[in-house]
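A.B. asks: 3D, please:
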Amino acid sequence: MNRAALLVIDAQNIYAAPESPLFIASLAGSIQKINALIRAFSAAGRPVIYVRHVHRADGRDAGRMFDFAGEAQPVSFVEGQEEADYVPALEIVPEGLHITKRRYSCFEGTELGAILRTLGADTVAICGYMTNFCCETTARAAHDKDYFVDFLADATGAPALSETFTEPQIIAAVTTTLANGFARIYSTESYLQHIS
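C.D. replies: This next block holds a predicted model:
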């Protein structure tokens with residue numbers, strides 16, 4: 001774990017606003033866990049990389065993000081709007097690095113790969129939102145790029161996909177799949193015991 005970098009993915013207001021279609025009711029609890037990870041990585045002198053998903057208001061940079069099924073949907077995560085800002089409760093450490101992405105994967109179209117190489121990282125520790133979209137996609141991409149992947153299950157979150165497929169079920173489904181070919185799955189409490 002000595003060469004791990006923490007990826008804090010999309011801890012943005014769009015998930016914290018009750019009126020948002022992407023509202024995550026459990027966000028306050030997962031943010032506390034994310035902050036504990038940030039503090040531990042920072043105290044150990046390990047990299048903390050904050051990632052935000054942002055689009056131009058006119059959607060020129062969105063590609064298939066909002067019309068994947070053939071019908072265009074409104075663009076969200078719009079730059080300059082409050083929904084795209086970090087959640088106020090998120091702890092930002094001065095030495096943290098910040099990147100912006102426009103796709104689910106934190107690697108796609110970003111400088112993340114170059115940053116990790118420069119840092120000499122061989123492992124990414126993933127936390128943030130959403131478990132089943134940006135976190136899972138980044139975990140799979142990192143594995144394909146030959147990084148070790150540590151997935152902090154309870155430091156991720158997602159809105160329910162339906163009344164019968166809730167956040168705990170989403171996290172269980174994602175982590176079960178990732179654990180069988182892509183990542184090591186941890187709780188925040190167990191992971192913190194290994195950071196020094």
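A.B. asks: next up, the contacts around residue 6.
C.D. replies: Taking Cβ atoms under 8 Å, 6 or more residues apart in numbering as the definition of contact, the neighbours of residue 6 are 37, 38, 41, 46, 47, 48, 49, 124, 125, 127. Every C-beta, even on glycine, is put in place using the N, C-alpha and C of the backbone.
A.B. asks: for the fifth one, grab the count of nearby residues.
C.D. replies: Counted with other Cβ atoms under 10 Å, the neighbours of residue 47 add up to 22.
A.B. asks: check contacts around the residue nearest to it when sequence neighbours are not counted.
C.D. replies: Excluding its sequence neighbours, the residue lying closest to residue 47 (Cβ to Cβ, 6 or more residues apart in numbering) is residue 5, at 4.1 Å. The contact partners of residue 5, by Cβ under 8 Å, 6+ apart, come to 46, 47, 48, 49, 116, 119, 121, 123, 124, 125.
A.B. asks: quick one: average pLDDT of the helix or strand harbouring the last one?
C.D. replies: For residue 125, the enclosing helix or strand under DSSP states H and E is strand 123-129. For strand 123-129, the per-residue pLDDT values average out at 98.
A.B. asks: try stretch 91-98
C.D. replies: Here stretch 91-98 scores 98 as its mean pLDDT.
A.B. asks: chain center to that stretch, what's the gap?
C.D. replies: 15 Å (Cα atoms, centre = their mean, to the nearest Å).
A.B. asks: tell me the buried residues in that stretch?
C.D. replies: Of the residues in stretch 91-98, 91, 96 count as buried by neighbour count, 16 or more other Cβ atoms under 10 Å.
A.B. asks: just the angle between the longest helix along the chain and strand 123-129, please?
C.D. replies: Criterion DSSP state H: the longest helix present in the chain is helix 27-43. Relative orientation of helix 27-43 versus strand 123-129 (axes from the mean of the first three to the mean of the last three Cα atoms, to 10 degrees): 150 degrees.
A.B. asks: just checking, next helix/strand downstream of helix 27-43?
C.D. replies: Next in sequence after helix 27-43, counting helices and strands by DSSP H and E, comes strand 48-53.
A.B. asks: circling back to that earlier point, now do the buried residues in the longest helix of the chain.
C.D. replies: Taking 16+ other Cβ under 10 Å as the criterion, helix 27-43 shows 27, 30, 31, 33, 34, 35, 36, 37, 38, 40, 41, 42 as buried.
A.B. asks: and it, what other elements does it pack with?
C.D. replies: Helix 27-43 makes packing contacts with strand 4-9, strand 48-53, strand 123-129, strand 148-157, helix 188-192 when contacts are defined by 3 or more Cβ pairs under 8 Å, 6 or more residues apart in numbering; DSSP states H and E.
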